[in-house]
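> Any chance you can model this:
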Amino acid sequence: HLPDVERPLQHNTEVKIYCGAAETLARVRLLDHENLHPGQSGWLQLRLQDPLPLARGDRYIMRIPSPAQTIGGGVIVAPHPRRRWRRFQPAVISTLETLIKGTPAQRLAQQAESTEPLRSAELQKRTGMATTEFDEAVRQALADGLLTALPDDTLIATTSYRALQRQALTVLEQFHHDTPLRAGIPREELRSRLEVKNATLNLLLESLDGQIVVENNIVRLPEHSVRFSEQQQAAVDSLRRQIAAQPYTPPSYAEAVEITGERVLRALIDMDEIVQVQRDIILTRPVYDEMVSETLAIIDRDGSIDAKGLRDRFNTTRKYAIGLLEHLDTLGITGGRSLNLEVDGDLIERIGNILVRLVLDLLFHLVVIKAGIHLDDLGDHRRTGYRHRRLTQRRSRACQNLLKGLPHTLELDDVLLHHSGSR
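This is a model prediction of the structure:
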């Protein structure tokens, strides 16, 4: 701010910016001062009214539009800021100081600060460096430990990557504290909490090998294990005895919840002791593996399998046999091979009757709607007298015939054609 200016520069003041031959109006956002007094210097962000072709290092002149007066000037540090900077934030000022005083490697690492790693082309675009300068800055930043190169050839600031690793461990610690009966946090939930892409999460988990454990898409700390109270352990033992008595027709999910409580049962599922085949069907892991193996063996031998055959093979019920076959088909474990499910003939007949009634009801409404439209098109002067009554009677008779079946299609078509022809 020039020392001979009469008044201080206030936040959000409208000014005119000149850079080379370009000019535009702008609003001043003071980042480290409430007011910038004559003779002072400070950091500001300009909200341009019109875009200007600016580059890092360009110098500008600032004037007050009315009364016209030159009040100062400066140098462009970040021509394309990715966000609106917050005021009076030490981290923001530190970032800007690095941009103007830092080495190319430091400036590059600063632009790589993000929760997502960047491709080299994107990082170079952010820095605005020429290719030779950029390549040298990357080499120096990697050598100084300012930048981390990931296995997929992306780059991220080392500070950002370490912060992401610490955040992942903190999320796991908090999850174990809040849900001690859960074996770990589901992988997708961890990704959502960290707000990263799946590819980034994969790289992050690989980098934390030895500090975390990943099993069956469940992530946990190595020292964590589920520990039941005496009462909970007694309930678990009771469920185990009931399952052992009838391993192929064990208690349903709802019945198991009554025995152990849902949190304990979910813990057993997370621990892979129990497999939830369907919403209300559970099996122990050994029984599940045995039934899956035998099912695939039968398909390999006979080409297909039905619910009756699976039911008889394991002395189970249709509910468990059909549930397992549907489960395997959903997972694609059968490799697309046919599963002949036994279907009740009476059930097919009932479904057929329902579908027929639905089709007839739909056709009935279509006839009524179409007939009504054509009758409306006749106009008010045709709505009275013998012709209107005759058309109404024919429409009613056609609808009644339709409800009895479909042997009167000709008469139905005749009514529709008659109406159409009378327009």
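
> drop to CA atoms for contacts and neighbour counts, all remaining ones
Noted.

> quick one: contacts for Ile61?
Counting by Cα atoms under 8 Å, 6 or more residues apart in numbering, Ile61 makes contact with 17-19, 70, 72-74.

> so where's the protein shaky on pLDDT?
Applying pLDDT under 70 to the chain picks out residues 334-352, 364-423.

> redo that, cut-off 50
Within the chain, the ranges that satisfy pLDDT under 50 run 338-339, 341-344, 373-388, 391, 402-403, 405-423.

> Look through it and tell me its longest strand.
strand 22-30 (DSSP state E).

> Neighbouring strands - and their directions - for the helix or strand that that one is followed by?
Per DSSP states H and E, the first helix or strand lying C-terminal to strand 22-30 is strand 35-36. In the sheet, strand 35-36 lines up against strand 9-10 (antiparallel) (DSSP bridges).

> The helix or strand that the strand it pairs with is followed by - contacts with which helices or strands?
Per DSSP H and E, strand 9-10 leads on to strand 14-19 as the next helix or strand towards the C-terminus. Applying 3 or more Cα pairs under 8 Å, 6 or more residues apart in numbering; DSSP states H and E, we find strand 14-19 packed against strand 22-30, strand 59-64.

> Just to check, Ala105 is in contact with Val138?
Yes: applying Cα atoms under 8 Å, one finds Ala105 in contact with Val138, separated by 6.4 Å.

> Can you say which helix or strand has the residue positioned nearest the centre of the chain in it?
Nearest to the geometric centre of the chain sits Ser192, at 8.1 Å (Cα atoms, centre = their mean). Per DSSP H and E, Ser192 falls inside helix 187-194.

> for that helix, which positions count as buried?
Neighbour counts over helix 187-194 (16 or more other Cα atoms under 10 Å) mark 187, 190-191, 194 as buried.

> Dump these into JSON lines; add distance to Ala244 as well.
JSON lines is the format used below for these (distance: Cα to Cα, whole Å):
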{"residue": "Arg187", "distance to Ala244": "32"}
{"residue": "Leu190", "distance to Ala244": "35"}
{"residue": "Arg191", "distance to Ala244": "38"}
{"residue": "Leu194", "distance to Ala244": "41"}
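
> quick check, nearest of the residues you listed to Thr295?
Arg187 (29.9 Å; Cα to Cα).

> Roughly how far does the nearest residue to Gly20 once chain neighbours are set aside sit from Arg311?
Leaving aside its sequence neighbours, Gly20 sits nearest to Tyr60 (Cα to Cα, 6 or more residues apart in numbering; 7.5 Å). Using Cα to Cα, to the nearest Å, Tyr60 is found at 83 Å from Arg311.

> again, but for Gln233
32 Å.

> So if I had to pick from these two, which one is more boxed in?
Arg311 (17 against 14; other Cα atoms under 10 Å).

> what's around the nearest residue to Pro104 once chain neighbours are set aside, how many residues?
Once flanking residues are discounted, Pro104 sits nearest to Ala137: 5.4 Å by Cα to Cα, 6+ apart. By other Cα under 10 Å, 20 other residues sit near Ala137.

> Go ahead and confirm Ala137 touches Leu108.
Yes: under the criterion of Cα under 8 Å, Ala137 makes contact with Leu108 at 6.8 Å.

> would you list every one of the helices in the stretch 1-150 of the chain?
With DSSP state H, counting those that start in this stretch applied, the stretch 1-150 of the chain shows helices at 90-101, 104-111, 120-127, 131-143, listed in chain order.

> Would you reformat those as TSV and include distance to Val219?
Shown next, in TSV, are the helices of the stretch 1-150 of the chain (distance: least, Cα to Cα, whole Å):
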stretch	distance to Val219
helix 90-101	33
helix 104-111	30
helix 120-127	31
helix 131-143	30
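
> Let me know which of those is the nearest to Ser293.
Closest approach to Ser293 among the helices of the stretch 1-150 of the chain (Cα to Cα): helix 120-127, 48.2 Å.

> other SSEs contacting that closest one?
Counting contacts by 3+ Cα pairs under 8 Å, 6+ apart, helix 120-127 packs against helix 104-111.

> where's the helix it packs on relative to the chain centroid, distance-wise?
32 Å (Cα atoms, centre = their mean, to the nearest Å).

> Give the buried residues for it.
In helix 104-111, counting by 16+ other Cα under 10 Å, buried: 104-111.

> okay, those residues in a markdown table with distance to Ala163 next?
Listed next are the buried residues of helix 104-111 as a markdown table, based on distance: Cα to Cα, whole Å:
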| residue | distance to Ala163 |
| --- | --- |
| Pro104 | 23 |
| Ala105 | 20 |
| Gln106 | 18 |
| Arg107 | 19 |
| Leu108 | 18 |
| Ala109 | 14 |
| Gln110 | 14 |
| Gln111 | 16 |
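
> from those, which single one is nearest Val213?
Nearest to Val213 among these, with distances taken as Cα to Cα, is Ala109, at 30.5 Å.

> Apart from its neighbours in sequence, what residue is nearest that closest one?
In space, Ala109 is closest to Ala157, 5.3 Å off (Cα to Cα, 6+ apart).

> Residues in a beta bridge with the one you found, which ones?
Under the criterion used (DSSP bridges), Ala157 bridges to Leu147.

> what's it in contact with, if anything?
Here Ala157 is in contact with 109-114, 146-148 (criterion: Cα under 8 Å, 6+ apart).
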